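K.L.:
With the sequence up front, the predicted model follows.
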Amino acid sequence: MSLPILCSLVAASFVLPSVHAASAEQWRSRSIYQIITDRFALPAGAPTDKCDVDAQTWCGGTWNTIRENLDYVQNMGFTAIWISPVQQNYQGPRTAYGDPYHGYWIQDATKLNNKFGTSDDLKALVAEVHKRDMYIMVDVVVNNVMATTTTPDYSKYLFKDASLYHPYCPIQWGDPNSEQNCWLGDTNVTLPDLDTTKQAVISGYASWIKDFVDEYEIDGLRIDAAKHVNKEFWPTFCGAAGLFCIGEVFGGSNVGDVAQWQGPLDSVLNFPLYTALTEGFKIPGSGNITALTDTLTQSKQMFKDTTLLGNFLENQDLPRWASQSVDPQSMYNAMSFTFMYDGIPIVYYGQEFGFRGAGDPKNREPLWTEGYQPNRATEIMTKLNGLRNFLVNKTEWATAEAQVLTSSQYGIAFQKGDVLSILTNIGSPPQNDTHIAVASPYDPNTALTDIFTCNQWVVGAQGFVDTEYTLGGQPHVLVLSTLLDQSDLCNGQVVTSQGLGKDDSSSNDADSILMSRWHGVAAVVSMLWFTIW
Ligand SMILES: *[C@@H]1O[C@H](CO)[C@@H](O)[C@H](O)[C@H]1NC(C)=O
Ligand SMILES: *[C@@H]1O[C@H](CO)[C@@H](O)[C@H](O)[C@H]1NC(C)=O
Ligand SMILES: *[C@@H]1O[C@H](CO)[C@@H](O)[C@H](O)[C@H]1NC(C)=O
Ligand SMILES: *[C@@H]1O[C@H](CO)[C@@H](O)[C@H](O)[C@H]1NC(C)=O
């Protein structure tokens, strides 16, 4: 049964990495826009009011419609897309959980999913992505296939021999052995679990992934349910693919649980950071910035390389940010964190419109209802991407390690390369008595430009930078003006402001930052104030 697979093992073990694949080093400087193919874009002229997320069925997006709408993604400054799985899915009647519009219910991994297009369509998408100097990451499901029974007929799957799957058992959560050897899903939709310790599975998958990434010129892989596979499997699999692998290690706040998977995999999605950002920034919420700084400290200790981690606020399995947090400033600040701190920023399509789906299936909204129109969130993303793209080109930004400079109940300030980010969780309502005072490493009088307003500010006495929020809790991302001048990000619109603050009427963003040329007394008062609070 598995003879062809065994033969390809020999080939897979000695093959050179793919020509087009991109390495971890190359991905480090990218920023990623995550797409569910079925929900991103419709063919021109199709009615836009027909997609019912609760129906859990196909809404009409394809690889062609992604290709036709890449301007939208590229114009926001993203340099990569991650698309939902492309392999053939379950072909049978509708299940208790609907149809496989999301692409994660794999049947025969050697075939493409014809719901989303042909082989030529996928190649045309990849070619267009590459023409734009962008990368494409494909979501792959390796841990399991999908069936509607605990005793499937495997003749239509990549692995046809039942002995290559673990016998059915429901997962006992919290027991790593059970999580790796039992089946995800339930008895309505079973997810038969491959035995990834079997040589035939290891070699079969290695040759399959190599063929796939070679044929379609894929640049990176997002690996579904990575922690449900034994760790030893991944170096062989990703080695055969010869490209960057980022794994889903779904989890909460425990850094150690997640960090142990970086090593077996190049990178993982940063769930601990996600948890800490929601805890620290969402409104209403605990506003627990200590939990965030604890997570950052542990991450520096436990992850092999924080600059490769995937930073996100949303994905297809999580509640949308705006379903958890009523204040848009909370998203702008937390999002600025995901772009300006160590790691690869990832934005799940629709985050830019403040979608509110609180969980599967409501968090897979169609994007087309919004008409792809710019708004405040897309402006902020565009600025953040523009800055990051400029910095990764010009400086050692991508490998520079961020340092937290200060934190308080109101927020956090950190530096990475030539950027000082001061982010707050206070939300939109102005607060007259709230400050974040940062001891920056800059000399007094150094000029910094806020990328969101293009206002220029001057560092105060002893290098202090003091932010006020008398016009609300906006994010501040400050770059050395002399460096930013070499980009087109503020296009000569820099407004020089000294000692401005509360009534800064020149600001187009109702910006309330204050960076005075401090007098010694003011500095001491603010420092005390800050220490006390
Ligand atoms: C199967 O689906 C039905 C209908 O949605 C649901 O009532 C039932 O609880 C599901 N069974 C299991 C084992 O989850
Ligand atoms: C904040 O999070 C830390 C964990 O880092 C925890 O020890 C502390 O109790 C939390 N504080 C509140 C107010 O929830
Ligand atoms: C980065 O550098 C490349 C090659 O020099 C150039 O094509 C690209 O426009 C630059 N991007 C930015 C954002 O500066
Ligand atoms: C903040 O101060 C301004 C005047 O400086 C005042 O008009 C406003 O009501 C104050 N806001 C709060 C929330 O105290």
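P.N.:
All right, it came through fine. Ligands and ions are numbered 1, 2, ... in the order given.
K.L.:
Tell me which residue in the stretch 401-533 of the chain sits closest to ligand 4.
P.N.:
Asn432 (3.8 Å; C-beta to the nearest ligand atom). Heads up, the C-betas are built off the backbone N, CA and C, glycines and all.
K.L.:
Leaving aside the residues adjacent along the chain, what's closest to that residue?
P.N.:
Thr470 (5.3 Å; C-beta to C-beta, 6 or more residues apart in numbering).
K.L.:
Check Leu387 too.
P.N.:
Nearest non-adjacent residue to Leu387 (C-beta to C-beta, 6+ apart): Ile451, at 5.2 Å.
K.L.:
Same check on Ser481?
P.N.:
Nearest to Ser481 is Ala447, by C-beta to C-beta, 6+ apart, at 4.0 Å.
K.L.:
again with Tyr205
P.N.:
Counting by C-beta to C-beta, 6+ apart, the residue nearest Tyr205 is Phe237, at 5.7 Å.
K.L.:
Distance of the one you found relative to ligand 3?
P.N.:
Applying C-beta to the nearest ligand atom, to the nearest Å, the value for Phe237 to ligand 3 is 32 Å.
K.L.:
so what pLDDT did that residue get?
P.N.:
For Phe237, the pLDDT comes out at 98.
K.L.:
show me the contacts for it.
P.N.:
142, 202, 205-206, 209, 245 (C-beta atoms under 8 Å, 6 or more residues apart in numbering).
K.L.:
now these as JSON lines including secondary structure and distance to ligand 1?
P.N.:
Output for the contacts of Phe237, formatted as JSON lines (DSSP: H, G, I helix; E, B strand; the rest coil; distance: C-beta to the nearest ligand atom, whole Å):
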{"residue": "Val142", "secondary structure": "coil", "distance to ligand 1": "24"}
{"residue": "Ile202", "secondary structure": "helix", "distance to ligand 1": "31"}
{"residue": "Tyr205", "secondary structure": "helix", "distance to ligand 1": "29"}
{"residue": "Ala206", "secondary structure": "helix", "distance to ligand 1": "34"}
{"residue": "Ile209", "secondary structure": "helix", "distance to ligand 1": "32"}
{"residue": "Cys245", "secondary structure": "strand", "distance to ligand 1": "31"}
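K.L.:
Met146: what's it in contact with?
P.N.:
89-90, 100, 104-107, 185, 189-192.
K.L.:
okay, now the residue nearest to Leu387: neighbour count?
P.N.:
25 (other C-beta atoms under 10 Å).
K.L.:
same check, this time on the one 3 residues further on
P.N.:
Cys454: 20 surrounding residues under other C-beta under 10 Å.
K.L.:
tell me which element Asn432 falls in.
P.N.:
strand 431-439 (DSSP states H and E).
K.L.:
Other residues contacting that strand?
P.N.:
By C-beta under 8 Å, 6+ apart, the list of residues contacting strand 431-439 from outside reads 405-406, 408, 410-411, 413, 420, 422, 424, 426, 462-470, 472-473, 502, 526-527, 529-530.
K.L.:
Just the ones of these in strands?
P.N.:
405-406, 408, 411, 413, 420, 422, 424, 464-469 (DSSP state E).
K.L.:
Distance-wise, check the residue of the stretch 401-533 of the chain found nearest ligand 2 relative to Gly287.
P.N.:
Nearest to ligand 2 in the stretch 401-533 of the chain, going by C-beta to the nearest ligand atom, is Gln409, at a distance of 9.2 Å. Distance of Gln409 to Gly287, given as C-beta to C-beta, to the nearest Å: 6 Å.
K.L.:
the more surrounded of those two?
P.N.:
Gly287 (21 against 13).
K.L.:
What sits closest to that one if chain neighbours are left out?
P.N.:
Nearest to Gly287 is Asn425, by C-beta to C-beta, 6+ apart, at 5.1 Å.
K.L.:
How much space separates the one residue in the stretch 201-350 of the chain that gets nearest to ligand 3 from Arg39?
P.N.:
Of all residues in the stretch 201-350 of the chain, Phe339 sits closest to ligand 3, at 13.8 Å by C-beta to the nearest ligand atom. As for Phe339, its distance to Arg39 is 24 Å (criterion: C-beta to C-beta).
K.L.:
Can you give me the pLDDT of Gln172?
P.N.:
Looking at Gln172, the pLDDT reads 96.
K.L.:
For it, give me its contacts.
P.N.:
So Gln172 contacts 178-179, 182 (C-beta under 8 Å, 6+ apart).
K.L.:
Now go through those residues and say which are in helices.
P.N.:
Counting by DSSP state H, these place 178-179 in helices.
K.L.:
now, among the contacts of Gln172, which is nearest to ligand 1?
P.N.:
Distance to ligand 1 across the contacts of Gln172 (C-beta to the nearest ligand atom) is lowest for Cys182, with 14.4 Å.
K.L.:
what about the residue in the stretch 1-150 of the chain that ligand 3 sits nearest to, how many residues close to it?
P.N.:
Residue of the stretch 1-150 of the chain nearest ligand 3, by C-beta to the nearest ligand atom: Asp133 (6.7 Å). Counted with other C-beta under 10 Å, residues neighbouring Asp133 total 8.
K.L.:
One more: Ala241?
P.N.:
25.
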